[in-house]
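Chemist: sharing a model that was predicted from the sequence below.
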Amino acid sequence: MSVFEDVAFRRHQSVHFFSDEPTGMQAIIAIHSTDLGPALGGCRMVRYADSSEALTDVLRLSRGMSLKNSLAGLDLGGGKAVIMVPDGWNNDPRYDGPERARLFRAFGRAVDSLGGRYITAEDMNISVEDATNMRKSTRHVVGLDSGMGDPSPLTAQGVFVGMRACIARAFGSDSFDGLTVAVQGLGKVGWRLCEDLHKAGAKLLVADIVEETLARAKAEFGAQIVDKDDIVTAK
Ligand SMILES: NC(=O)c1ccc[n+]([C@@H]2O[C@H](COP(=O)([O-])OP(=O)(O)OC[C@H]3O[C@@H](n4cnc5c(N)ncnc54)[C@H](O)[C@@H]3O)[C@@H](O)[C@H]2O)c1
């Protein structure tokens, strides 16, 4: 990627690349804006094809955080972090070996080096335990058991009430009864969202890459399973 010219980079304040040889940690922290306050945004670990894909992801997400935080009226800017899955983790972001705790302490040092311009939290494949390990190296982390804990139930609730506001506007009623909703990814956020939608009477179309999760969604919500490549256009 030619960084400065890339549309995803536009208006970012800074982008930071970190590596820590002993733990194999390779991470990128993007700070889109600190105009309203410290840049808050979670940290995700997913399987990227290469660092260029990771960079595109973090730039896109950090800009989104500036918009989300300002729309929510918070005195916070927008930032985001991505960590590459290290060699030796079998390409599994949920790898649970002893190296995991060390890697998140190293990531905490990276966050700390930014002096509070960026505040991190959980995102995809990052647990409260991972955040607790970051906390051993920095105080600039939220989503700990001693604080608000795992943010994913609130994230799901935010999506649900956002959808309700949209359908009220589009259809003149905020009832999900009789509506069909497609959900891609039934993890911490997606599963909770499906629970809320199911309770509210929506019919669910779902896609995930884990067969067992799909079978549970079919059993618990009567959800219709759709191929992940078709879910965006499914009706
Ligand atoms: N967890 C949070 O509090 C939080 C906060 C803000 C935003 N988000 C966003 O919400 C989304 C979900 O986050 P999460 O924490 O629930 O992650 P998660 O890792 O718990 O769940 C992700 C799910 O998606 C599935 N998946 C992966 N690739 C897929 C594909 N190509 N097609 C269909 N399913 C696929 C996985 O199997 C898993 O079930 C992410 O975009 C994340 O950035 C999460």
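Modeler: Looks like it arrived, so ask away.
Chemist: relative to Ala30, how far out is the closest residue to Val3 other than its chain neighbours?
Modeler: Leaving aside its chain neighbours, Val3 sits nearest to Phe9 (5.3 Å; criterion: C-beta to C-beta, 6 or more residues apart in numbering). For glycine as for every other residue, the C-beta is placed from the backbone atoms N, C-alpha and C. From Phe9 across to Ala30, the span is 9 Å (C-beta to C-beta, to the nearest Å).
Chemist: let's verify the nearest residue to Ser137 once chain neighbours are set aside: helix, strand, or coil?
Modeler: Distance criterion C-beta to C-beta, 6+ apart; nearest residue to Ser137, sequence neighbours excluded, is Gly108 at 3.0 Å. Here Gly108 takes the helix state, with states given by DSSP: H, G, I helix; E, B strand; the rest coil.
Chemist: which ones are touching Gly108?
Modeler: 133-138, 141 (C-beta atoms under 8 Å, 6 or more residues apart in numbering).
Chemist: going through those residues, which ones are buried?
Modeler: 133-135, 137-138, 141 (16 or more other C-beta atoms under 10 Å).
Chemist: can I get these in TSV with pLDDT and secondary structure?
Modeler: Below are these laid out as TSV (pLDDT from 0 to 100; DSSP: H, G, I helix; E, B strand; the rest coil):
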residue	pLDDT	secondary structure
Asn133	97	helix
Met134	98	helix
Arg135	97	helix
Ser137	98	coil
Thr138	98	coil
Val141	97	strand
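Chemist: measure the residue nearest to Ser137 to Ser173 for me?
Modeler: 47 Å.
Chemist: now swap in Ile28 and tell me
Modeler: 43 Å.
Chemist: helix, strand or coil for the closest residue to Arg63 other than its chain neighbours?
Modeler: Counting by C-beta to C-beta, 6+ apart, the nearest residue to Arg63 once its immediate chain neighbours are dropped is His32, at 4.8 Å. Following three-state DSSP, we place His32 in the strand state.
Chemist: ok, the residue sitting nearest the centre point of the chain to Ala72 distance?
Modeler: With distances taken as C-alpha atoms, centre = their mean, Asp123 lies nearest the centre of the chain, 3.6 Å away. Distance check for Asp123 against Ala72: by C-beta to C-beta, it reads 17 Å.
Chemist: nearest to the ligand: which residue in this structure?
Modeler: Gly187 (1.7 Å; C-beta to the nearest ligand atom).
Chemist: out of Phe9 and Ala30, which sits in the more crowded spot?
Modeler: Ala30 (28 against 18; other C-beta atoms under 10 Å).
Chemist: burial measure for the residue lying closest to the more buried one once chain neighbours are set aside, as a count.
Modeler: Closest residue to Ala30 apart from its sequence neighbours, by C-beta to C-beta, 6+ apart: Ser62 at 3.9 Å. As a burial measure, Ser62 scores 28 neighbours (other C-beta under 10 Å).
Chemist: so which bits of the host helix or strand of Ser62 are buried?
Modeler: Using DSSP states H and E, Ser62 maps to helix 51-71. Within helix 51-71, the residues that count as buried by 16+ other C-beta under 10 Å are 54-59, 61-63, 65-66, 68-70.
Chemist: try stretch 6-18
Modeler: 8-9, 12-13, 15-16, 18.
Chemist: re the thing from before, show me the common contact partners of Phe9 and Ala30, please.
Modeler: 15, 59.
Chemist: paired strands for the helix or strand containing Phe18, with orientation please.
Modeler: Element membership of Phe18 [criterion: DSSP H and E] is strand 14-20. When pairing is defined by DSSP bridges, strand 14-20 lines up against strand 25-33 (antiparallel).
Chemist: now check the strand it pairs with, is it near the ligand?
Modeler: No - shown here: strand 25-33 not in contact with the ligand (C-beta under 6 Å from any ligand atom), separated by at least 13.8 Å.
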